[in-house]
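Participant: Everything below, folded, please.
(chains A and B)
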Amino acid sequence: MKTGMKIILIAFTCLITGFLVYKIIDKNARNKQIAQNKEILPGFSFYSQDLKTFNSNGVDKDKSLCIFYYNAECDHCQYEAKQLKHHIDAFKNVQILMVSTNKPGDTQKFAKQYQLADYPFITWVYDKDFNFYKWFGNAVTPSVYIYNNKQHLVKQYSGEVKIEAILSHLTND
Amino acid sequence: MNYKLKSSHLYICLALLSIAITLIFNMLLVTKKVYFNTYSQFDNTRVEEMFDFQHKYIWIGYLLIPVWLLIKTFVVSLTLQIGTLIQGFKLKFSQTLRVALMAEFIFILPQIIKLFWFLVVQKEYTLIDLQQFYPLSALNFFSLKNLSVIFIYPFQTFNIFEVLYWITLAIGIRLELDKNVDLGIKVVFSGYIPALFLWILVIAFITVSISPLN
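Facilitator: Predicted coordinates for the structure are as follows:
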């Protein structure tokens, strides 16, 4: 191989390596910062179903908060919704925030299908701009974040979780 | 082993051996009990459903093994081609492919050790333990609880068998070129190892970008 080609190959490899290393360090630092920030309920901003801004100020600060990040199409989320309906009485003194990137029409259909539409303690919000990760980090659907009434993160679940496990962390201190 | 064995024979032998080990691994180690150990946050009925579902489609995994081996050895062969060109030599693609296929047999060893480990030594485990354990690797020096998820794959990859694999590749290149082993080592270090390093970085990048665990 000619020397010129060798130099191009080495330079190209170094360039990709440098780019990846920079990105990994940067993203890792951001993930750590988000993990630290979400220990206390972060100042998020989503949309209500009528497309008005819904931010963290809309949360009742005296109650425990349970954030479900879901997608109406996901099988595990549908199971979680069924289980939530089944145990709904246990959540009466808790605020539930259902966050999804689903459009309002799909959310309405989902809420009706699983008979969760008419509970005053359930708020359905729309992550229109796909910003959830900025406040809660990389997340799969479903994910559950449990905050106590002092807005401290008590427990986080990634993936499907039985409702009994969530309830065991929902105590107002 | 006769290194002049046909690539197709090596490939079939390697694929059958890999499928056989995976089959034994799944039959003996991936039991319903392990599913319950792993998914304690799930409802029991859901764990049963998941186990049944994954066992129904487990054959797809066996079909993918030969495909994965083909892609992997093809890419390794390509990196060896680059290495030989950088060192100023030429080999046919079929020659480097044969070297890559021969060396791939090394990775059967950690699978057998892993099987033995979970059957005899560590009898209580989860699916995550099965995924993360790699015998004689750098990962064995760290506690997984304190380790960031982005380091798991790089530490798994840096293991005794990987080093043996490099040596086998170097010997294979030496035999194909009919030169000394130093040249084989130079080919591996200028072709395969930079590509492996890039691959590890790509995996680390994907992990840091999508994993909810970091």
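Participant: Quick check: residues of chain A near chain B?
Facilitator: On the criterion CB under 8 Å from any CB of the partner chain, chain B has as its neighbours in chain A the residues A:1, A:6, A:9, A:13, A:16-17, A:20-21, A:23-24, A:27-28, A:31, A:35, A:79, A:83, A:137-140, A:143, A:157-162, A:165. In this view, the C-beta of every residue, glycine as well, is placed from N, C-alpha and C.
Participant: which of these are buried?
Facilitator: When the residues of chain A next to chain B are checked for burial by 16 or more other CB atoms under 10 Å in any protein chain shown, the buried set is A:9, A:20, A:24, A:27-28, A:31, A:79, A:83, A:137-139, A:143, A:157-158, A:160-162, A:165.
Participant: State the mean pLDDT of the longest helix along chain B.
Facilitator: The residue-count maximum for a helix in chain B (DSSP state H) belongs to helix B:58-86. When pLDDT is averaged along helix B:58-86, the result is 96.
Participant: Name the residues of that helix that come out as buried.
Facilitator: Counting neighbours by 16+ other CB under 10 Å, helix B:58-86 gives B:65-66, B:69, B:73, B:76-86 as buried.
Participant: where's the following helix or strand past that helix relative to the chain centroid, distance-wise?
Facilitator: Sequence-wise, the next helix or strand beyond helix B:58-86 is helix B:93-104, with elements assigned using DSSP states H and E. Taking the mean C-alpha point of helix B:93-104 and that of its whole chain, the gap between them comes to 16 Å (CA atoms, centre = their mean, to the nearest Å).
Participant: Equivalent analysis for stretch B:172-187, please.
Facilitator: 24 Å.
Participant: Now do it: everything it contacts.
Facilitator: The set of residues that contact stretch B:172-187 without belonging to it, under CB atoms under 8 Å, 6 or more residues apart in numbering or on different chains, is B:3, B:80, B:83-84, B:86-87, B:89, B:91, B:95-96, B:98-100, B:102-103, B:166, B:169-171, B:188.
Participant: Only the buried residues of that stretch, if you could.
Facilitator: B:G172, B:I173, B:R174, B:L175, B:E176, B:L177, B:L183, B:G184, B:I185, B:K186, B:V187.
Participant: Backbone dihedrals for the closest residue to B:Q41 other than its chain neighbours, both of them.
Facilitator: Ranked by CB to CB, 6 or more residues apart in numbering or on different chains and with sequence neighbours excluded, the top spatial neighbour of B:Q41 is A:V161, at 4.5 Å. Backbone geometry at A:V161, expressed as degrees, to the nearest 10, gives phi -150, psi 140.
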